[in-house]
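A.B. asks: I would like the atomic coordinates for the input below:
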Amino acid sequence: MVNMYILQGRHNTGKTETLVDVIEILKNKYPEAKVNIIIDGKDKKVIFTNIKGLTVGIETQGDPNSRIDASLKDFKAMHCDVIFCACRTKGKTVTTVNSYGTIYNLHFIKQTVVAAGFSASNMATAKSLVKRAGL
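C.D. replies: Numbering: from 1, shown residues only. Presented below is the predicted three-dimensional model:
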């Protein structure tokens, strides 16, 4: 069963930055992997193939009225084995992610918010996510 790792937190808590760090970690750790950058900007949508023989989908945008539903549908169609995404603590994004609970193993990870040193904290969370996914 597919494992989906959902970074969950309020608005402006560093979810996007943490998932961008996950993308960079995977690029550096698996230079032989094929990286398909579908959307590149502040918010990114990326699919990696050939990471330990797996396909990994990452959507950094998890705000209400975002593309999270479309991205999760795309990741399903691309047969992703591991998915990383973001959502809020309540509302539509949580409902969207939870709708995949019958076909995916959902792992909610609370985004840690720190007053200082947030870049280091985001990177530590990104490393933890990669490790939890066995990548």
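A.B. asks: hey, let's count contacts and neighbours off CA atoms from now on
C.D. replies: Fine.
A.B. asks: lowest-pLDDT helix or strand in this structure?
C.D. replies: In the chain, no helix or strand scores lower on mean pLDDT, DSSP states H and E than strand 34-39, which sits at a mean of 87.
A.B. asks: helices and strands around that one, which ones?
C.D. replies: strand 45-51 (3 or more Cα pairs under 8 Å, 6 or more residues apart in numbering; DSSP states H and E).
A.B. asks: how about the strand it packs on: buried residues?
C.D. replies: With burial defined by 16 or more other Cα atoms under 10 Å, the residues of strand 45-51 counted as buried are 45-49, 51.
A.B. asks: same check on stretch 4-16?
C.D. replies: So, applying 16+ other Cα under 10 Å, buried residues of stretch 4-16: 4-9, 13-16.
A.B. asks: now the end-to-end length of that stretch.
C.D. replies: One end of stretch 4-16 sits 16 Å from the other (Cα to Cα, to the nearest Å).
A.B. asks: starting at the chain centroid, how far to that stretch?
C.D. replies: Relative to its chain's centre, stretch 4-16 lies at 9 Å (Cα atoms, centre = their mean, to the nearest Å).
A.B. asks: and if you look at stretch 36-48?
C.D. replies: Distance, centroid of stretch 36-48 to centroid of chain: 11 Å (Cα atoms, centre = their mean).
A.B. asks: start and end of it, how far apart?
C.D. replies: End to end - Cα to Cα - stretch 36-48 spans 6 Å.
A.B. asks: shaky segments in this structure?
C.D. replies: Along the chain, segments meeting pLDDT under 70 span 114-117.
A.B. asks: strands of that one, residue ranges please.
C.D. replies: Secondary structure of the chain, counting by DSSP state E: strands at 2-8, 34-39, 45-51, 54-59, 82-87, 104-110.
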